[in-house]
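Visitor: Next input, structure requested:
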Amino acid sequence: MQSQYFRTRYWSGGSLAGSAVASARRKGILANPKLFDCRDCGRAATEYDHRDYNKPLNVEPVCRSCNALRGRAIPKIWEPEAALAYGRTLLTNHPSWHCLTFFYSFGDIRYLNKVWHLKNLEGVQSIAIALWRGSDGMVSLSDLAPEIFTVEEIAEIEREYCETA
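Guide: Down below sits the predicted model:
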């Protein structure tokens, strides 16, 4: 279920496209969509709609109900290097990742609870696995998170995934 969330939220490109629109609105490139009428029904628009996540600023003002009726946009087409960089960014910006780097920076169990560290490691590993599964093969688990898995763990995870898929 978590991998499905990552597939639709991050790998489809919707998150990046939404961020691009928000940034364009802050910079004054795009006006508030509430200043426009809905392209489909003529009522007051409430949001911008993407039809293609590969063109993040190609948007139309629509009302929420018409946006839902329009369905999903065309997913982003990822270049392999960009997909890996994006996946690594998502992983390393996760709060549990920062807790792990904090642990390894100090590395002294007298000051940090080892159980707390292991809990964060498990959290980062589950996020990495969900990102990998959600990418539908765009990135490999060994490239995405080489620091937190052994080669044997990666082989076991990939074998289990192939058996369930």
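Visitor: can you give me the helices for this protein?
Guide: Using DSSP state H, the helices found in the chain span residues 2-6, 14-27, 64-70, 80-92, 95-106, 114-134, 141-144, 151-164.
Visitor: gap between the last one and the chain center?
Guide: The one in question is helix 151-164. Relative to its chain's centre, helix 151-164 lies at 22 Å (Cα atoms, centre = their mean, to the nearest Å).
Visitor: Which positions within it qualify as buried?
Guide: Residues of helix 151-164 classed as buried by neighbour count (16 or more other Cβ atoms under 10 Å): 154, 157. Quick note: C-beta positions are derived from backbone N, CA and C, even for glycine.
Visitor: Could you provide the helices of the chain in a markdown table, with additional columns for mean pLDDT and distance to F36?
Guide: Shown next, in a markdown table, are the helices of the chain (pLDDT from 0 to 100; distance: least, Cβ to Cβ, whole Å):
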| stretch | mean pLDDT | distance to F36 |
| --- | --- | --- |
| helix 2-6 | 65 | 31 |
| helix 14-27 | 93 | 13 |
| helix 64-70 | 95 | 12 |
| helix 80-92 | 85 | 31 |
| helix 95-106 | 60 | 37 |
| helix 114-134 | 76 | 34 |
| helix 141-144 | 87 | 40 |
| helix 151-164 | 86 | 45 |
